[in-house]
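**Q** model this:
(chains A and B)
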Number of protein chains: 2
Amino acid sequence: MMRVLAAVCAALSFVPMASAEGQSETVTSFVLDNGMQVVVVEDHRAPVVQHMVWYRAGSADEPVGSSGIAHFLEHLLFKATDTMESGELSATVAANGGNDNAFTSYDYTAYFQRIAADRLELMMQMEADRMINIRLTERDIATERDVILEERNQRTENNPRALFGEQLNAVQYLNHRYGIPIIGWRHEMETLDMDDALGFYETYYAPNNAILVVSGDVYPDDVRALAEKHYGVIPSNPDLPERFRATEPPQIAARRVTFRDPRVAQEYVSRSYLAPERDSGAQEKAAALTILEEILGGGTTSYLAQKLQFEKKVAIYTGAFYSGVSLDNTTFDFVVVPIPGITLQEAEDALDRALVEFIKDGVDAEQLARIKMQLRAAQIYARDNVEGIANRYGRALTSGLTVKDVQAWPDILQAVTEEDIIEAARAVLRPETSVTGWLMRAEETTQ
Amino acid sequence: MMRVLAAVCAALSFVPMASAEGQSETVTSFVLDNGMQVVVVEDHRAPVVQHMVWYRAGSADEPVGSSGIAHFLEHLLFKATDTMESGELSATVAANGGNDNAFTSYDYTAYFQRIAADRLELMMQMEADRMINIRLTERDIATERDVILEERNQRTENNPRALFGEQLNAVQYLNHRYGIPIIGWRHEMETLDMDDALGFYETYYAPNNAILVVSGDVYPDDVRALAEKHYGVIPSNPDLPERFRATEPPQIAARRVTFRDPRVAQEYVSRSYLAPERDSGAQEKAAALTILEEILGGGTTSYLAQKLQFEKKVAIYTGAFYSGVSLDNTTFDFVVVPIPGITLQEAEDALDRALVEFIKDGVDAEQLARIKMQLRAAQIYARDNVEGIANRYGRALTSGLTVKDVQAWPDILQAVTEEDIIEAARAVLRPETSVTGWLMRAEETTQ
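**A** Here you go, the predicted model:
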């Protein structure tokens, strides 16, 4: 109680979040004077803290022709600043018994440390430092560019599934930058230079484009005081551009991609559909799709597993994939791995028949009840994972959602009806927006 | 002779072009002090002149999210300037017995008037005026945006072949802006505003980004004097950005697009492959592809017509399409329209078999000789078309070629060997870079 009152008195920008019914996450959110948003998730069971800074800038915010710069810059933030030597931040975290890392996606770049709670100020001091003070050398650029190219070699070039995925994605999006890989196209990564890195840094690395998420054994007032001291003194960027992405034109033609590679160990069919994401204040469609994913592809009791693996015995694996946390339109994906002797065409046909039957049959009420129960349980268990909670808020807030949206989500999921799910399936599973992929061994000559 | 000497004395930037062997085009090229290139093509047979200004800015130079702005601005250049009322330029041209128009493509926007030669100065005065002095009103923006949207309705939305072509193109290019329609995506056209128009205008409409092409009954010295008087006084844009486009990553997966529309009167198969364009000083591959296009798809004596229309009787029409004039990678395209009773799959299979056979069989020497003769004849006849000559130079110069490249082209075409053609076919007709399209009537339920 004291916490909330103190907060309300402190500033109008302080918005305490009452826990939703049945939720025990104690979340406090406020905004510093320079525009930096702060989210505090309390968990006093262990004296540890997760300290994260999320930037509302990911690969989909990159300039044309500079794919990979968001991820490259993420690497470069572990180099020297005005006050730290290259590698000093991570070494300091480790010397204090913590660990640190960073990650880049389409919509965000995030940096974090997990460490004893009494080291929080040191983390803020160092993270705030590299928000404004990086000092890159041409040698940093050259060596770290080799590192990201090698990362691409390992993750993508040496992995036919990853190469296949890139081509599928590029064909799924006709206009939006989600069609370009997060790590970057190799030929563009090779050209990334100091100007590209500093341009992205100076545009997007500013408190008014950042979200501080601190979870663990902390109190909002303390976090606020520290945040004001270390982050509050950094000037906002008055030239921060409004966040803009080109949107898709109507997708009106079904697409197919065939990729052959001699390294393919297991052929499979992939199918993706353009799908809506969770929008702030309007998460219902995404909730229906989230449950649809579970119904169709959530493990061995799912509809597709039953139909394709057990009844028809055409597949050794079926999967459905959907994540609604995305700034712009995302995809709803399927994978079907046929059993030996079943062709990709037969596997694809079986998938299509199963989807048509599912929409005709409707949702099994018992399965829906079971899935809702599992989701509720998973959400409760998730609260034990302080790192996971911080990620959940960081991803949501950099993807256009609010703390309120995050907290409303469990109840929105529970409210999804059988009709909502079938309606969502009908709306999304349309051939015109789909991309069907066949990953094949290069020897095959089927045309 | 006098002309060439005078030119050499006039300025170092004056580069007189000696006519290539067998060529009678009298072409003079020079550059004004402000960076504006001038090309003069003399033809004194009739007292008319074609006056064109080409900007090195087309739809592929547009900012992300503003597709259509190049073409929209082209429309807006017929509105008022500081000294002319809206529509006054065209009315003046017409009152002087001429006609005028403009066009936009991926790599350029061009404005032209065709008129009596003694009106050239008036044309220059008006064209130079709208290079710097347009004065747009919000009403211009609103009304002309409706005009381009209606243009899109007529050309694209009401034309399933055009809609199909847009989706094919978007899938052909994974990274480059040639995947976006010149007229623009409708949802982006609807948002184009004054800022978009003026931004594009102020960036690209400047003498150092323009090429003046004058063909007809003119002499270079006179054109130079007039050009210096009217265009030479316009300051160059020091902030003109270096021309940059994102290039394609390796295209490693064959793609297919199926578009169904109830308005389709005639179903057909389309096939495109990514193909090299004419590069300055290196036009040989494009020359081989230009002749390959003629061999495979140039009318009823072509290879595909023989195989698919006459021998196999599976197609009522076959075509091959390639144009090497492009700043960046272009495409080599085929169309096969099956006869009634032949499926699209059968038509596509017949195309694929024919292409394999062609590469195996090699080029028919007599056909090659005939095509080279036809190309030579067509080039000679083309010299009679003053408008066509001006277009040829304007397109080439805005697409990365030089006057020298244009003049070398006929001989490069003649030098293409049978082996060059087969090598070019092998290099370009690779499934991994291809997009196969089926345009189908919506009633069909074939999956």
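
**Q** For the strand or helix carrying A:A408, name the packing helices and strands.
**A** Using DSSP states H and E, A:A408 maps to helix A:403-414. On a contact count with 3 or more Cβ pairs under 8 Å, 6 or more residues apart in numbering or on different chains; DSSP states H and E, helix A:403-414 meets strand A:26-31, helix A:284-297, helix A:365-382, helix A:386-398. The C-beta positions use only the backbone N, C-alpha and C, and glycine is treated the same way.

**Q** If you average the pLDDT over it, what comes out?
**A** Here helix A:403-414 scores 95 as its mean pLDDT.

**Q** Stretch A:213-227 now?
**A** Stretch A:213-227 comes out at a mean pLDDT of 97.

**Q** So which bits of it are buried?
**A** Neighbour-count burial for stretch A:213-227, with 16 or more other Cβ atoms under 10 Å in any protein chain shown as criterion, is recorded at A:V213, A:V214, A:S215, A:G216, A:D217, A:V218, A:Y219, A:P220, A:V223, A:R224, A:L226, A:A227.

**Q** tell me which residues form a beta bridge with the second one?
**A** If I follow you right, that is A:V214. A:V40, A:H51 (DSSP bridges).

**Q** quick one: contacts for it?
**A** A:V38, A:V39, A:V40, A:V41, A:V49, A:Q50, A:H51, A:M52, A:L120, A:V223, A:A390 (Cβ atoms under 8 Å, 6 or more residues apart in numbering or on different chains).

**Q** Need the nearest residue in space to the first one, chain neighbours excluded.
**A** In this structure, A:V38 finds its nearest non-sequential neighbour in A:L212, 4.6 Å apart by Cβ to Cβ, 6 or more residues apart in numbering or on different chains.

**Q** and the one you found, that one's in a strand?
**A** Yes - secondary structure of A:L212 (DSSP: H, G, I helix; E, B strand; the rest coil): part of a strand.

**Q** Could you double-check that it lies in contact with A:G232?
**A** No - the pair A:L212 / A:G232 is not scored as a contact, 10.4 Å apart, by Cβ atoms under 8 Å.

**Q** I'd like to know how many residues surround A:R152.
**A** The tally of other residues near A:R152 (other Cβ atoms under 10 Å in any protein chain shown) stands at 21.

**Q** Apart from its neighbours in sequence, what residue is nearest it?
**A** A:I183 (5.2 Å).

**Q** what about the one you found, which SS state?
**A** From three-state DSSP, the assignment for A:I183 is coil.

**Q** Output the below-cut-off pLDDT ranges for chain A.
**A** Scanning chain A with the threshold set as pLDDT under 70 gives A:1-24, A:444-447.

**Q** who in it is up against chain B?
**A** Counting by Cβ under 8 Å from any Cβ of the partner chain, the residues of chain A close to chain B are A:64-65, A:67, A:163-164, A:166-168, A:170-171, A:174-175, A:177, A:179-180, A:185-188, A:244-247, A:249, A:251-259, A:349, A:352, A:431, A:437, A:447.

**Q** Mind listing what's buried along stretch A:25-36?
**A** A:E25, A:T26, A:V27, A:T28, A:S29, A:F30, A:V31, A:L32, A:N34, A:G35, A:M36.

**Q** Same check on stretch A:229-239?
**A** Buried residues in stretch A:229-239 (16+ other Cβ under 10 Å): A:H230, A:Y231, A:G232, A:I234, A:S236, A:N237.

**Q** quick one, what contacts the fourth one?
**A** For A:I234, the contact set (Cβ under 8 Å, 6+ apart) comprises A:N34, A:M36, A:A128, A:M131, A:I132, A:A206, A:P207.

**Q** can you do 7 Å?
**A** A:N34, A:A128, A:M131, A:I132, A:P207 (Cβ atoms under 7 Å, 6 or more residues apart in numbering or on different chains).

**Q** Same question for the third one.
**A** Taking Cβ under 7 Å, 6+ apart, we find A:G232 in contact with A:L32, A:D33, A:N34.

**Q** Adding distance to B:A275, write the residues you listed out as CSV.
**A** Listed next are the contacts of A:G232 as CSV, based on distance: Cβ to Cβ, whole Å:
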residue, distance to B:A275
A:L32, 55
A:D33, 57
A:N34, 52
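
**Q** For the closest residue to chain B within the stretch 1-150 of chain A, grab the count of nearby residues.
**A** Residue of the stretch 1-150 of chain A nearest chain B, by Cβ to the nearest Cβ: A:G65 (4.2 Å). Close neighbours of A:G65, defined as other Cβ under 10 Å, add up to 18.

**Q** what about it, which SS state?
**A** Assignment for A:G65 (three-state DSSP): coil.

**Q** Same question for A:L274.
**A** strand.

**Q** That one against A:N329, yeah?
**A** Yes - at 5.6 Å, A:L274 and A:N329 qualify as touching, with contact defined as Cβ atoms under 7 Å.

**Q** Neighbour count: the two, which is higher?
**A** Of the pair A:L274 and A:N329, A:L274 is the one with more neighbours under other Cβ under 10 Å, namely 21 against 18.

**Q** quick one, what contacts the nearest residue to the more buried one once chain neighbours are set aside?
**A** Closest residue to A:L274 apart from its sequence neighbours, by Cβ to Cβ, 6+ apart: A:T433 at 4.1 Å. If you count contacts by Cβ under 7 Å, 6+ apart, A:T433 has them with A:Q251, A:Y273, A:L274.

**Q** Using the three-state scheme, assign the residue nearest to A:R426 when sequence neighbours are not counted.
**A** Spatial nearest neighbour of A:R426, excluding adjacent residues (Cβ to Cβ, 6+ apart): A:I359 at 6.0 Å. Secondary structure, three-state DSSP: A:I359 is helix.

**Q** Tell me who's in contact with A:I359.
**A** Per Cβ under 7 Å, 6+ apart, neighbours of A:I359: A:I422, A:A425, A:R426.

**Q** and the residues you listed as TSV, adding secondary structure and neighbour count?
**A** What follows is those, written out as TSV (DSSP: H, G, I helix; E, B strand; the rest coil; neighbours: other Cβ atoms under 10 Å in any protein chain shown):
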residue	secondary structure	neighbour count
A:I422	helix	18
A:A425	helix	21
A:R426	helix	10
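
**Q** which residues touch the nearest residue to A:T398 once chain neighbours are set aside?
**A** Closest residue in space to A:T398, ignoring its immediate chain neighbours: A:Y108 at 3.6 Å, by Cβ to Cβ, 6+ apart. By Cβ under 7 Å, 6+ apart, the contact set of A:Y108 is A:W54, A:Y55, A:R56, A:G58, A:R395, A:T398.

**Q** follow-up on the earlier one: looking at the buried residues of stretch A:213-227, which one is closest to B:E267?
**A** Among the buried residues of stretch A:213-227, A:V213 lies closest to B:E267 (Cβ to Cβ), at 55.0 Å.

**Q** so what's the closest one up against?
**A** A:V39, A:M52, A:W54, A:A390, A:Y393, A:G394.

**Q** Please identify the helix or strand for the third one.
**A** According to DSSP H and E, A:W54 maps onto strand A:48-55.

**Q** how about the CA coordinates for that strand, as PDB?
**A** Extracted in PDB, the C-alpha atoms of strand A:48-55 (Å, rounded to 0.1, in the frame of the first residue of the first chain):
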ATOM      1  CA  VAL A  48      18.500 -11.800  -7.100                       C
ATOM      2  CA  VAL A  49      17.500  -9.300  -9.700                       C
ATOM      3  CA  GLN A  50      17.100  -9.400 -13.500                       C
ATOM      4  CA  HIS A  51      18.100  -6.000 -15.000                       C
ATOM      5  CA  MET A  52      17.100  -5.400 -18.600                       C
ATOM      6  CA  VAL A  53      17.100  -2.500 -21.000                       C
ATOM      7  CA  TRP A  54      14.900  -3.000 -24.100                       C
ATOM      8  CA  TYR A  55      15.200  -0.700 -27.100                       C
END
